[in-house]
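J.: Here is my input; please provide its structure:
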Amino acid sequence: MRPTLPLLLNTDFPAIKRHTLETLQVNLGYKCNQTCLHCHVNAGPNRTEMMSPDMVDMVLQVLQAQGIQTLDLTGGAPELNPHFRRLAASARALGVRVIDRCNLTILSEPGQEDLAQFLAENGIEVTASLPCYSPANVDRQRGDGVFERSIAGLKQLNALGYGHDGSGLVLNLVYNPQGPSLPPPQEALQADYKRELMQHFGIRFNQLFALTNMPVQRFGSTLVSKGTFATYMALLKQSYRPENLETVMCRNTVSVDWQGDLYDCDFNQMLGLRLNLNEDRPAHLKDLLDASLTGLPIRIADHCYGCTAGQGSSCGGALV
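T.: Predicted coordinates for the structure are as follows:
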């Protein structure tokens, strides 16, 4: 793995500050049943980092203390944490909106056969990665057989009501470009996805989120190895749109790693850029039991251009 942080720290990205905290994005661990080329977490089957039950309890305490509206669960495959279901169900019981960032193939893993039913029974939103509606493109990016298993997972979710109007069960899909390019316009791409997935597989979903690949971890290392890192960064900078600054996700979201350390976003987490309460003290989840993050400066580096390029990019898709 080639480090990218030294290539990103010298930046002219504008200074920005945090708004009111609305979303707690919790990484439950880096273990995953897949190893995807575009993964900015460098997740995989051999990773062992996993959030402890005590830290899961603290997440629930913080949700109440801060009156947080949304709990966004990610990984790795968040469902591989043995406390995933307890956390998700308990948060829903508190009236919190819960999002599961699901890779779809986890639904057919041994021991997860009832996972889809659990998600539906608890009204948990599913945001599922499907980087293309072409089998060849998905398998090239995510591994042989992943597309077929992903389609099977989507059909399973549809059968439970996910993606159907009026069901209350939200199913969103996530698109990532195949390489060092910006995603196409989200609205037009969503129409293509809906047409192709319905025509060929009878699959319904609510929204498509088009995400920009970030030059960190596995994807960033690949760019460095191929000698295309500088070219990709130039593309991101040339495509910068200042109007995206107001709605970047780091304004109202905080990222929590498996140990409870806080970051302004998931990408900063992967770069080790901790969120600081002051100049010399990094923040931890326990600080959110009685502290506010509003007004704190957001730690920036050149990768921030990925969120503000073109139509913008966040965990909820395009910004404009």
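
J.: Could you use CA atoms for every contact and neighbour count after this?
T.: Will do.

J.: Strands of the stretch 51-200 of the chain, start to end?
T.: 70-74, 97-102, 125-129, 171-175 (DSSP state E, counting those that start in this stretch).

J.: which other helices and strands contact the longest one?
T.: Pointing back at strand 97-102 there. strand 70-74, helix 84-93, strand 125-129 (3 or more C-alpha pairs under 8 Å, 6 or more residues apart in numbering; DSSP states H and E).

J.: Recalculate using a threshold of 7 Å.
T.: strand 70-74, strand 125-129 (3 or more C-alpha pairs under 7 Å, 6 or more residues apart in numbering; DSSP states H and E).

J.: quick one: strands adjacent to it?
T.: Sheet pairing of strand 97-102 (DSSP bridges) gives strand 70-74 (parallel), strand 125-129 (parallel).

J.: And those strands: which comes nearest residue 6?
T.: strand 70-74 (26.0 Å; C-alpha to C-alpha).

J.: How many residues are close by the spatially closest residue to residue 176 that is not a sequence neighbour?
T.: Excluding the flanking residues, the one nearest residue 176 by C-alpha to C-alpha, 6 or more residues apart in numbering is residue 131, at 5.0 Å. By the criterion of other C-alpha atoms under 10 Å, residue 131 has 23 neighbours.

J.: wait, doesn't residue 131 sit right on residue 174?
T.: Yes: with contact defined as C-alpha atoms under 7 Å, residue 131 counts as touching residue 174 (6.3 Å).

J.: Make TSV out of the helices and strands packed on strand 97-102 and add mean neighbour count and distance to residue 48.
T.: Listed next are those as TSV, based on neighbours: other C-alpha atoms under 10 Å; distance: least, C-alpha to C-alpha, whole Å:
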stretch	mean neighbour count	distance to residue 48
strand 70-74	23	15
strand 125-129	23	22
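
J.: Now do residue 240 against residue 148, distance only.
T.: Distance, residue 240 to residue 148, using C-alpha to C-alpha, to the nearest Å: 36 Å.

J.: Tell me which of the two has more neighbours.
T.: residue 240 (21 against 13).

J.: and that one, what are its bridge partners?
T.: residue 309.

J.: Find me the pLDDT at residue 137, would you?
T.: Confidence at residue 137, expressed as pLDDT, is 69.

J.: again, but for residue 40
T.: For residue 40, the predicted pLDDT is 59.

J.: likewise the one 4 residues further on?
T.: In the prediction, the pLDDT value recorded for residue 44 is 74.

J.: One more: residue 177?
T.: 88.

J.: Going forward, the N-terminal residue is numbered 200.
T.: Noted, 200 is the first residue going forward, which turns the last one into residue 376.

J.: contacting residues around it?
T.: Neighbour list for residue 376: 382, 412 [criterion: C-alpha atoms under 7 Å, 6 or more residues apart in numbering].

J.: What's the separation between it and residue 216?
T.: For residue 376 relative to residue 216 (C-alpha to C-alpha), the value is 29 Å.

J.: before we move on, the earlier item: between the strands paired with strand 296-301, which gets nearest to residue 457?
T.: The nearest among those, by C-alpha to C-alpha, is strand 269-273 at 10.2 Å.

J.: what bits of this structure have low per-residue confidence?
T.: Scanning the chain with the threshold set as pLDDT under 70 gives 233-242, 335-343.

J.: Tell me which stretches of it form helices.
T.: For the chain, applying DSSP state H gives helices covering 204-207, 252-265, 283-292, 314-320, 334-341, 345-358, 385-400, 416-425, 428-437, 465-470, 504-507.

J.: how about those helices, which one is nearest residue 302?
T.: Using C-alpha to C-alpha, the helices of the chain put helix 345-358 closest to residue 302, at 7.6 Å.

J.: Show me what counts as buried in that closest one.
T.: 345, 346, 348, 349, 350, 351, 352, 353, 354, 355, 356, 357 (16 or more other C-alpha atoms under 10 Å).

J.: Repeat that for stretch 216-233.
T.: Under the neighbour-count rule (16+ other C-alpha under 10 Å), stretch 216-233 has 217-218, 220-233 buried.

J.: got it, and stretch 372-380?
T.: 372, 373, 374, 375, 376, 377, 378, 379.

J.: of these, closest to residue 490?
T.: Of those, the one sitting nearest to residue 490 (C-alpha to C-alpha) turns out to be residue 373, at 33.1 Å.

J.: give me every residue that touches the closest one.
T.: Contacts of residue 373 by C-alpha under 7 Å, 6+ apart are 326, 327, 328, 329, 330, 407, 408, 409.

J.: Now with 10 Å, please.
T.: 300-302, 326-331, 389, 406-410, 514-516 (C-alpha atoms under 10 Å, 6 or more residues apart in numbering).
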